[in-house]
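In: Kindly return the folded structure for what I paste below:
(2 chains)
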Amino acid sequence: MGWNKRRGIPRAGAAGALALAGLVLSAAALFAPVGAHGQSPALGLTVSTNTSSPFARPADPVVPPGLYWRAGVAWLPGRHLEVELYHVAQMTPRFYSEVLFGASAGYWILQRRRTSYLNMVADAGLLYGLDGTVLLNLKLCPAVFGSPAYGSAERFFTLGLLYDVEGRRAFFQLQLLALTLYL
Amino acid sequence: MRRLNAPALMALLVLLAMLPAANAGALGPRKPWFGGVYAGFCGFSEPTDLPAAAYLEAGVFVEPFASRFLNPALSCGLLLPVSPPEPEGLRLQLGAELSLLDLPAPFVKRRFYISGAFSPAVGGEYLLHPGTGAQSFAVVFSPLRFRVADAVFSLGSLRLFLGERGRPAGWGLTLFRAALFVL
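Out: Predicted structure coming up:
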């Protein structure tokens, strides 16, 4: 990502184009007709905030401090499972200067039915940074409102653990809010 | 020059912001709310001199009119770096916002089962560190802003900080902000 230090404004680059494509895709999902959702398997686009903090502040953090967002695609076969491919990118202070790609497998603790609205999700996953960083990830979301049957789902206060395999360090993770739009 | 007592100023602003709530009933059923609380998640670029972190913003706002065009609102609150918690990033936040227009957004009802309006806004924001007196000013653009029931949601709002002679002095991004009418 190019950076104009004098003006403090990011220059457009490949990462910026990737971010823009993600935003356009998310916006398109918002406008997409709703009707086929609720069928299994369902496909969704997820965006969320993403905060991670080490338990003790290291001199060289694996995930540099800043504002991060997370965006990806979720696939929900059956009534419990969820598979997600996503990326986590730094938005500030340096736009897309840090990018991690991740995959996770989740389990909706209550069955997804047409009438079910509240749920909880536990998932395990792996994050891979372009600099070779590998992080293991365990998460639990205690409050999921919505489902593929409703066309969208909001998740609040997802708590997680990140484990840096090489550095043998653990991080606390919080995703304050996540929104999934089902196609 | 005598330094302002920031906590006392903050308390005074909160009280002043709440005083006009007594008139809310006179506005009639079309505008049952007068003001409320807001919270958001944001970050800032390096040239703003705000520490690299994920910030939580929270405070109170008033929106006294019900105009569909050029509807003003005032807010005051706190900006808190939460991940990592950096005391030097704390700021008092004073804002003015102008909703440009309210347009029906039928896709909101299709997706979330509740009527909504597309309501982009522009505004200005003044930030003040209560200890050091460091201050900054930003112009705020909120292109993805929606009024839904008794709330206003903004996604991807952009702050453009202005330095001497109005030159750009960095930028900020609010991933998500929710303003809930409670008064």
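In: so the closest residue in space to residue A:106 that isn't next to it in sequence is in which element?
Out: Once flanking residues are discounted, residue A:106 sits nearest to residue A:123: 3.2 Å by Cβ to Cβ, 6 or more residues apart in numbering or on different chains. For every residue, glycine as well, the C-beta is placed using N, CA and C. Assigned by DSSP states H and E, residue A:123 falls within strand A:118-129.
In: Please identify the pairing partners of the helix or strand that that strand is followed by and their relative orientation?
Out: Note on strand A:118-129: by DSSP H and E, the next helix or strand toward the C-terminus is strand A:134-147. If you go by DSSP bridges, strand A:134-147 pairs up with strand A:118-129 (antiparallel), strand A:152-164 (antiparallel).
In: Name the spans of the chain whose pLDDT lies under the cut-off.
Out: In the absence of a named chain, chain A is used. Within chain A, the ranges that satisfy pLDDT under 70 run A:1-40, A:54-60.
In: let's do chain B instead
Out: Within chain B, the segments meeting pLDDT under 70 span B:1-31.
In: quick one, helices of it?
Out: Secondary structure of chain B, counting by DSSP state H: helices at B:6-18, B:106-112.
In: do chain A as well
Out: Remark: helices assigned in chain A by DSSP H are A:14-31.
In: Nearest residue to the residue of it found nearest chain B in space, ignoring adjacent ones along the chain?
Out: Among the residues of chain A, residue A:67 lies nearest to chain B; the distance is 2.6 Å by Cβ to the nearest Cβ. Of all residues not flanking residue A:67 in the chain, residue B:43 sits nearest, at 2.6 Å (Cβ to Cβ, 6+ apart).
In: On the strand side of things, show who the one you found bridges to.
Out: Going by DSSP bridges, residue B:43 forms beta bridges with residue B:173.
In: again, but for residue A:82
Out: Where residue A:82 sits in a bridge, its partners, by DSSP bridges, are residue A:106.
In: In chain B, which residue sits closest to chain A?
Out: residue B:43 (2.6 Å).
In: residues contacting that residue?
Out: A:66-67, A:91-93, B:52-55, B:172-173, B:175 (Cβ atoms under 8 Å, 6 or more residues apart in numbering or on different chains).
In: Quick one: the strands in chain B, in order.
Out: Secondary structure of chain B (DSSP state E): strands located at B:35-44, B:54-62, B:69-83, B:91-101, B:103-104, B:116-118, B:121-128, B:135-142, B:144-148, B:151-162, B:168-181.
In: thinking again about what came up before, and the residue of chain A closest to chain B, what does it touch?
Out: By Cβ under 8 Å, 6+ apart, the residues touching residue A:67 are A:90-92, B:41-43, B:53-55, B:173, B:175.
In: any chance of these in TSV, plus distance to residue A:164?
Out: Formatted as TSV, these follow (distance: Cβ to Cβ, whole Å):
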residue	distance to residue A:164
A:90	17
A:91	22
A:92	23
B:41	24
B:42	27
B:43	22
B:53	20
B:54	19
B:55	25
B:173	27
B:175	25
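In: Pick out whichever of those sits closest to residue B:182.
Out: Set against residue B:182, the nearest of those by Cβ to Cβ is residue B:41 (19.9 Å).
In: can I assume that closest one is in contact with residue A:176?
Out: Yes. The criterion here is Cβ atoms under 8 Å, and residue B:41 meets it with residue A:176 at 6.1 Å.
In: anything in contact with each of these two?
Out: By Cβ under 8 Å, 6+ apart, the residues touching both residue B:41 and residue A:176 are residue A:49.
In: Apart from its neighbours in sequence, what residue is nearest the residue nearest the centre of chain A?
Out: Geometric centre of chain A, nearest residue: residue A:70, 3.6 Å, by Cα atoms, centre = their mean. Nearest residue to residue A:70 in three dimensions, chain neighbours excluded: residue A:50, at 4.2 Å (Cβ to Cβ, 6+ apart).
In: So that neighbour is in contact with residue A:87, correct?
Out: No. Contact criterion Cβ under 8 Å: residue A:50 and residue A:87 do not qualify, at 10.1 Å.
In: Give me whichever of the strands paired with strand A:134-147 is most buried.
Out: Comparing the strands paired with strand A:134-147 by mean neighbour count (mean count of other Cβ atoms under 10 Å in any protein chain shown), strand A:152-164 comes out on top with a mean of 18.
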